[in-house]
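Novice: I would like the atomic coordinates for the input below:
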Amino acid sequence: MSNVPNRATKSGFAAEAQKKIMSKYSPELASQVLAWIADITGENINTSGDNTNFWETLKDGTLLCNLVNEMKPGSVKKIQQSKMAFKCMENINNFLAACRAMGVTSEELFQTVDLWEQQNLHMVVICLESLGRKAPNFGKPGLGPKEAEKNERQFTDEQLNAGKNTIGLQMGSNKGATQSGISFGNTRHM
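Specialist: Residues are numbered from 1 along each chain as shown. Reported below is the predicted structural model:
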């Protein structure tokens, strides 16, 4: 976090909140994500999962843009090669737009400052894991568990009507229910 220029150190509640956010970051998952990125892009990058390496590797957004262009060519039309802040943030925004177009849900996307200012690297890892689950849809090796496929079923009217006559187990049952044999608890004294 100290590598971010022009940013005062947080204190009080903000420091506690930032510490809680950063405690969710997993170097093991980050290392797996970087290895997957290296596999897809073919680039030789350091796959160490420590937060400084993760941030340094991804902060300018060029590797992220190359990743989505490898998965779905033409996803990002122009990748900025400049190290200027607004150009790098434009790369990150273009990557996020491509992720959204490839099916990553908005809940799994990160905000640009989460990566650029090291605010929430855990969310960056989550976004890349989600993109990794979408990779097999584009003919690339995936990351993490395989996504479930839609399994739509068609029932006839006869089958649907037969289900109306059945009492579901959620309703409960009182077959054979009596109070005979209950012997726990205190007896009633008169």
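Novice: gap between the longest helix anywhere in the chain and the chain center?
Specialist: Determined from DSSP state H, the single longest helix within the chain is helix 85-101. When distances are taken as CA atoms, centre = their mean, to the nearest Å, helix 85-101 is centred 17 Å away from the chain's centroid.
Novice: right, and the helix or strand after that helix?
Specialist: Later in the chain than helix 85-101, the nearest helix or strand by DSSP states H and E is helix 112-116.
Novice: Residues touching whatever helix or strand comes next after that next one, excluding its own?
Specialist: For helix 112-116, the following helix or strand on the C-terminal side (DSSP H and E) is helix 121-134. Contacts to helix 121-134, defined as CB atoms under 8 Å, 6 or more residues apart in numbering, come from residues 21-22, 24-26, 29-30, 33, 36-37, 51, 54-55, 58, 67-68, 71, 96, 99, 102-105, 108-111, 114-115, 142-147. Glycine gets a C-beta too; all of them are placed from N, C-alpha and C.
Novice: how distant is helix 121-134 from the center of its chain?
Specialist: In terms of CA atoms, centre = their mean, the centre of helix 121-134 is found 5 Å from the chain centre.
Novice: Take it, keep the C-alpha atoms, and write them as CSV.
Specialist: Provided in CSV are the C-alpha atoms of helix 121-134 (Å, rounded to 0.1, in the frame of the first residue of the first chain):
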residue,chain,number,x,y,z
LEU,A,121,-6.5,-6.7,-4.5
HIS,A,122,-8.7,-9.5,-3.2
MET,A,123,-11.5,-8.3,-5.5
VAL,A,124,-9.1,-8.3,-8.5
VAL,A,125,-8.4,-11.9,-7.8
ILE,A,126,-12.1,-12.7,-7.6
CYS,A,127,-12.7,-11.0,-10.9
LEU,A,128,-9.9,-12.9,-12.6
GLU,A,129,-11.1,-16.2,-11.1
SER,A,130,-14.5,-15.5,-12.5
LEU,A,131,-13.0,-14.8,-15.9
GLY,A,132,-11.1,-18.0,-15.6
ARG,A,133,-14.4,-19.9,-15.2
LYS,A,134,-15.6,-18.4,-18.5
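Novice: Please find the angle between the direction vectors of that helix and helix 85-101.
Specialist: Put simply, helix 121-134 runs at 40 degrees to helix 85-101, going by axes from the mean of the first three to the mean of the last three CA atoms, to 10 degrees.
Novice: Having no further points to raise, I will conclude here.
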